[in-house]
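Undergrad: I would like to see how this sequence folds:
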Amino acid sequence: MSNGGALWISGHDLRQSLEVAIAAKYSALWGSVPLKLPLEDRSLTLYPRPYRWLGGDHSGRPQTYEEALVHPLFPKYKG
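TA: Below is the predicted model of the structure:
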């Protein structure tokens with residue numbers, strides 16, 4: 001974006017992919033029922049499990065506060 005080029009993926013694309021992920025989650029929770037897109041119920045959400053909010057991962061070793069400060073979420077692109 002800083003060079004004025006077009007984005008590879010738009011906010012609209014991201015919203016649609018999030019809606020597909022939400023539909024997949026709730027379809028599985030409700031017994032593999034088919035869901036039509038766009039979803040009628042706009043209150044459905046998709047949040048990570050609580051341990052992920054605190055830096056936990058599949059290794060079972062949660063990220064410390066200090067580690068989170070060292071590694072920014074969105075480091076500047078170096079390319």
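
Undergrad: for this structure, longest helix please?
TA: When the chain is parsed with DSSP state H, its longest helix is helix 11-29.

Undergrad: Summarise which helices and strands the next helix or strand after that one is packed against.
TA: Downstream of helix 11-29, the first helix or strand assigned by DSSP states H and E is helix 50-53. If contacts are counted by 3 or more C-beta pairs under 8 Å, 6 or more residues apart in numbering; DSSP states H and E, helix 50-53 sits against no helix or strand. The way it works is simple: take the backbone N, C-alpha and C, and place the C-beta from them, glycine included.

Undergrad: contacting residues around the residue nearest the centre of the chain?
TA: Most central in the chain under C-alpha atoms, centre = their mean is residue 18, positioned 7.1 Å from the mean C-alpha point. Counting by C-beta atoms under 8 Å, 6 or more residues apart in numbering, residue 18 makes contact with residue 46.

Undergrad: Buried ones in the longest helix of the chain, by neighbour count?
TA: Within helix 11-29, the residues scored as buried using 16 or more other C-beta atoms under 10 Å are 19, 22, 23, 26.

Undergrad: Fine, thanks again, bye for now.
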